[in-house]
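J.: Next one to model:
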Amino acid sequence: MFKLFKKKSELDTLHLKYRKLLEESHKYSTVNRRLSDEKIAESEIVLEKIKHLENIQIKS
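T.: Predicted coordinates:
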């Protein structure tokens, strides 16, 4: 019940964004290959940010 008021961390929001981009990429893969590739490129950038944040948390 208290999670209702809890703000999501930056890592959680990045995970959600990454998942959304991969789903969009999969959806566009049969219709528009260029758009699908763009979504994959965006998701790779988000994945790098996720890895960077996870490394920071591990070192702390």
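
J.: any idea which helix or strand carries the residue nearest the centre of the chain?
T.: By CA atoms, centre = their mean, the chain has its centre lying nearest to Tyr18, at 1.7 Å. Remark: Tyr18 resides in helix 10-28, with elements defined by DSSP states H and E.

J.: could you check the angle helix 10-28 makes with the longest helix along the chain?
T.: Using DSSP state H to define each element, the chain has its longest helix at helix 33-59. Counting by axes from the mean of the first three to the mean of the last three CA atoms, to 10 degrees, helix 33-59 lies at 160 degrees to helix 10-28.

J.: Summarise which helices and strands helix 33-59 is packed against.
T.: Using 3 or more CB pairs under 8 Å, 6 or more residues apart in numbering; DSSP states H and E, the elements in contact with helix 33-59 are helix 10-28. C-betas here are computed from N, CA, C, even on glycine.

J.: Give me the contact list for the helix it packs on.
T.: Identification of contacts with helix 10-28 by CB atoms under 8 Å, 6 or more residues apart in numbering yields 8, 35-36, 39-40, 42-43, 46-47, 49-50, 53-54, 57.

J.: Show me the two of these that sit farthest apart.
T.: Maximum pairwise distance among the contacts of helix 10-28 (CB to CB): 33.1 Å, between Leu35 and Gln57.

J.: Which of these two has more residues huddled nearby?
T.: Shown here are Leu35 and Gln57; by other CB atoms under 10 Å, Leu35 has more neighbours (14 against 10).
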